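# pasting a predicted model and its sequence here:
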Amino acid sequence: MLSPITLQPVARSECHSHANPDFAFDEFAENTPAEKYVVMNFLEGPRTVAKSTLQASNITRYQATKFYLEQIRNSGYWDQLKRIVEPSTQEFQSEGSLDTSGEGDNTVVPGLQHKYPQTGLLLTTDRCASYCRYCFRKRLVGEDSDEIAPDYARVAEYISRHPEMNNVLLSGGDPMVLSTEKLHRIMDHLLPIPHLTSIRFGSKTTAFAPKRLLDERLPDLFRRIIDAGKTPVIVAHFDHFGEISSVSEEAILKLRAIGVQFLNQSVLLAGVNDDADVLAETFARLHKLGVRPYYLFQGRPVKAASHFQVPLHRAIEIVRGINARLSGIQKTFKFIMSHYTGKIEILDLGEDQRVYMRYHQNKVADKIGRIFSRPYVEGACWLDELPANQVA
Ligand code: SF4
């Protein structure tokens with residue numbers, strides 16, 4: 001709950017303008033004389049907040065690139081897109097978990113998760129170019145986290161012993177904030193492993209800092225992956241077509257031309273993109289760029305971010321609307337709930353008021369593809385809010 005003592009509105013004159021794109025939370029932290037308090041600009045206005053309250057409430061530090069702020073201002077969708085990076089006081093009241101997918105339980109060596117047989121997920125950094133307010137890894141982004149892989153030799157040794165793993169996803173944080181040299185050093189360990197057939201990079205620099213993808217040394221990294229017989233894949237992260245800049249387009253087309261495959265994942269976000277027209281347009285533009293819409297994620301019940309969740313009933317209506325607007329070759333996405341038990345594709349809300357789903361990914365191969373259902377509860381956003389009268 002908000003505390004009137006630790007979260008006080010302050011006069012605007014005491015603070016930087018909310019419109020200042022150079023605003024950075026850390027500047028306030030350093031410049032505030034009383035060490036225990038900072039002034040933070042929320043969408044609802046500036047507040048003086050105790051640092052301990054920020055920590056206890058898992059309020060992610062503020063950071064947004066100038067490039068991104070300019071892009072979303074000029075997009076005509078500032079009111080929606082600012083919610084992606086600008087903090088809100090709603091974060092203090094948003095209940096949830098800091099590990100909705102059971103990442104801790106699936107960590108096999110420090111920094112490497114092995115939840116599904118074919119895929120390794122590598123936490124390469126705790127930093128991003130900007131921080132999304134809805135991030136499901138807010139337990140680590142912008143922090144000095146001990147979950148980041150400290151020893152890639154150990155990671156490679158594990159993968160070498162697991163021939164069922166055919167691809168590794170570099171994640172974090174955003175691996176593209178690492179230097180190209182650092183990415184090469186990670187490849188030194190991964191590329192000699194014969195059973196890896198693709199190397200994925202999950203990155204929102206495609207939106208936040210696409211100039212990074214125009215680094216003239218980057219094509220050599222991807223050519224090296226290709227020469228090693230693996231497919232380089234960038235999983236971009238665009239939530240709204242207003243984030244797709246001309247620099248994003250240029251970078252994507254250049255990297256595609258040298259053989260990098262592009263997929264896109266989006267998160268369904270209340271107040272940002274919970275609109276069939278917006279998401280259909282986003283997916284259509286990505287398709288035109290050669291970026292295959294891949295996952296649309298149902299928002300997770302993340303502590304300090306669950307206010308972004310859209311109730312399942314409405315979410316399913318939006319997904320129906322997207323599918324009604326797109327051609328077959330454009331609607332290549334799956335609507336996914338990335339649950340502790342696996343990746344669940346949300347199929348429909350039946351006339352019998354049951355939510356129909358199936359496992360897209362599960363540790364247990366036999367569960368994949370099997371349809372199951374649960375009774376719908378008004379307002380439910382997540383599997384755990386639907387009565388478990390049928391085994392999932
Ligand atoms: S870029 Fe990805 S990892 Fe970073 S804050 Fe956004 S969602 Fe989280």
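Received it, and whenever you're ready, just let me know what you need. Please read all numbers here as calculations on a predicted model, not as lab measurements.
# where do the helices of the protein begin and end?
Taking DSSP state H, the helices of the chain run over residues 25-31, 51-56, 66-74, 78-85, 152-160, 180-190, 205-208, 218-227, 246-257, 276-289, 312-325.
# what is the last one packed up against?
Using 3 or more CB pairs under 8 Å, 6 or more residues apart in numbering; DSSP states H and E as the contact criterion, the elements in contact with helix 312-325 are helix 276-289, strand 334-339, strand 342-349. C-beta here means a position set from N, CA and C on the backbone, and glycine is covered the same way.
# okay, and for the chain, where does confidence drop off?
1-35, 389-392 (pLDDT under 70).
# and the residue nearest the centre of it?
Nearest to the centroid of the C-alpha atoms of the chain, with distances taken as CA atoms, centre = their mean, sits Cys135, at 5.7 Å.
# what residues are up against it?
For Cys135, the contacting residues are 60, 141, 302, 305, taking CB atoms under 8 Å, 6 or more residues apart in numbering as the criterion.
# hang on, the earlier thing: do you know which of the helices and strands packed on helix 312-325 lies nearest the ligand?
Closest of the helices and strands packed on helix 312-325 to the ligand is strand 334-339, at 12.3 Å (criterion: CB to the nearest ligand atom).
# report the backbone C-alpha coordinates of the closest one in CSV.
The C-alpha coordinates for strand 334-339 follow below in CSV (Å, rounded to 0.1, in the frame of the first residue of the first chain):
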residue,chain,number,x,y,z
LYS,A,334,0.6,-17.7,-30.9
PHE,A,335,-1.1,-16.2,-27.9
ILE,A,336,0.9,-17.6,-25.0
MET,A,337,0.7,-17.6,-21.2
SER,A,338,4.3,-18.3,-20.1
HIS,A,339,3.3,-20.2,-17.0
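# ok, that strand near the ligand or not?
No: interface with the ligand: strand 334-339 contributes nothing (CB under 6 Å from any ligand atom), its closest point being 12.3 Å away.
# what angle sits between that strand and strand 342-349?
Direction vectors for strand 334-339 and strand 342-349, defined by axes from the mean of the first three to the mean of the last three CA atoms, to 10 degrees, enclose an angle of 130 degrees.
# strand 334-339 pairs with which strands, parallel or anti?
Using DSSP bridges, the strands paired with strand 334-339 in its sheet are strand 291-297 (parallel), strand 342-349 (antiparallel).
# orientation of it relative to helix 312-325 in degrees?
With the same axes, to 10 degrees defining the directions, strand 334-339 sits at 150 degrees from helix 312-325.
# got a list of what Phe201 touches?
Counting by CB under 8 Å, 6+ apart, Phe201 has contacts 169-170, 175-176, 232-235.
# burial of Met176, as a residue count?
Using other CB atoms under 10 Å, the number of residues around Met176 comes to 27.
# who's in contact with Arg83?
Contacts were defined as CB under 8 Å, 6+ apart; by that measure Arg83 touches 43, 133, 269, 271-272, 308.
# farthest pair within those?
Largest separation among those by CB to CB: Leu43 and Leu269, giving 13.8 Å.
# which of the two has more residues huddled nearby?
Using other CB under 10 Å, the more surrounded residue of Leu43 and Leu269 is Leu269, with 24 against 16.
# surely the more buried one touches Ile84?
Yes: contact status for Leu269 versus Ile84: in contact at 7.4 Å, counting by CB atoms under 8 Å.
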